[in-house]
Every structure is written in C-alpha cells, then in structure tokens.
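Student: Following is a predicted model, sequence given first.
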Amino acid sequence: EAQVTQNPRYLITVTGKKLTVTCSQNMNHEYMSWYRQDPGLGLRQIYYSMNVEVTDKGDVPEGYKVSRKEKRNFPLILESPSPNQTSLYFCASSFGGRIGSPLHFGNGTRLTVT
Amino acid sequence: AQSVTQLGSHVSVSEGALVLLRCNYSSSVPPYLFWYVQYPNQGLQLLLKYTTGATLVKGINGFEAEFKKSETSFHLTKPSAHMSDAAEYFCAVSDNFGNEKLTFGTGTRLTIIP
C-alpha cells in the first residue's frame, strides 16, 4: 500500500530534550516536506526537500533540522524543543517536478513539549 | 508571494443541504489550486485540483470546485451534504513553476446537522 509513515503518533517530552520524528514513504517520491498545524493558522511549511541531499527552509524553520540521506526517509529533528513547538506535525511527499502533483500526507505526530 | 483566504473557520449545514466552502487566493502568476480534506486523527487527502483547462473541476465524494480568475476564487461545493462529509477542509495554492510549494489556507471545519 502506498503510504507516508510517521512515527511516533504521539510524543510528550520536556524542554531541551532532543527528539527525532521519523518519516518514510514507499512511493519513490522525490519531493518531501514537513508541516506543522496549529489552530487558526492552518498548515505551515517547516522544511522541504526536492531530492536526496537537497533540503531548504520553508516558512517556519527556526528550531528544526532535517536531513535527506535516502530518498524514502526525511526525519525531522528538534535539537532543543521548546513549548512553542507543541503542535501537530505532518510529513508529506509527492513526485517532484511534476507540476500539480498532489501531496500525500502521513497521519501526523502530535507533539507536546512541557 | 501567494496566499489563500478561507472565509469562515466553521460552517454548519443540514444533511441534504448544499455545501459551500469559500476560498480566495492571491498569486502573481497563474496558480495551481487544491482542496484537501482532513478527517479526525488523519492526515490530509486530496479532494480535487485545478491546474489548467476546464475551470469546473470534479473531485471525490461528489465535491466540485470552480476556478474563477476574475474573482480570484476557488469555492468548493457539494449539492447534498452527507454526515460523512464532516471534516476540516483546506484550500491551497501553488505557483506553476513546479517547485511543489503549497501555501495552505487556515481551514474550514464543516459540521453536518442531522
């Protein structure tokens, strides 16, 4: 089954404790992206990757890191989480370079930072 | 820069009534336009998209949307609401340069009244 898999689904952590949210897709997509969803703000892009070893900042990259060492994986790293990073996070992928290709989303990771 | 405005963060309609969710966009170039739906505890799924050609676009589950360039709008409609349509709906815009960057609206939560 074609899918984007995020782990974990729920995560509670404390301020400053490094964490990684994993994302993997099995559709051979070139493009991958991370979004955060907050009430009243919709989805805002954190980072995206057009291909392996190519990453770029989205609209709200502060406090986050990403890497794209393999085509299928695109982990999101919070080196020192803070309470304002409490949010619902989504990973998404698509065929890069194909105009209008739709994004496929994972089921989300709900992160709480205390 | 591109942007999306969704009028009404919450919309309630009776079962069997017309569904109308409003979306206006701003883009300096001809846009690609999308509607995504998010069911509880799930990621976003593509409902429909407009890239080029026919301005009336049909999507899944009986939804359709019409691209009106003169009004910079892409409103989503369904003639008869069903209980299963209860969800959050997001309008999104991208430019046509193939960089895959989507800008989302803030979402409209649709409630269906039995």
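Tutor: Structure received. Numbering: from 1, shown residues only, chains lettered A, B, ... in the order given.

Student: Which parts of the chain are strands?
Tutor: Using chain A here. A:4-7, A:10-13, A:19-25, A:31-38, A:42-51, A:54-57, A:65-66, A:76-78, A:87-94, A:104-105, A:109-113 (DSSP state E).

Student: hm, I was asking about chain B
Tutor: Using DSSP E, the strands found in chain B span residues B:3-7, B:10-14, B:19-26, B:32-38, B:44-50, B:56-58, B:64-68, B:73-78, B:87-94, B:103-104, B:108-113.

Student: on that earlier part again, out of the strands of chain A, nearest to chain B?
Tutor: strand A:104-105 (3.2 Å; Cβ to the nearest Cβ). All C-beta spots, glycine's among them, are computed from the backbone N, C-alpha and C.

Student: For B:Gly98, give me the pLDDT.
Tutor: With respect to pLDDT, B:Gly98 has a value of 52.

Student: what's the answer for A:Ser80, then?
Tutor: 97.

Student: Look up phi and psi at it.
Tutor: Main-chain dihedrals, A:Ser80, degrees, to the nearest 10: phi -140, psi 80.

Student: measure it to A:Lys65 for me?
Tutor: For A:Ser80, the distance to A:Lys65 (Cβ to Cβ, to the nearest Å) stands at 11 Å.

Student: quick one: low-confidence ranges for the chain?
Tutor: You didn't say which chain, so I picked chain A. Scanning chain A with the threshold set as pLDDT under 70 gives A:97-100.

Student: Sorry, I should have been clearer: chain B.
Tutor: Scanning chain B for pLDDT under 70 picks out B:96-100.
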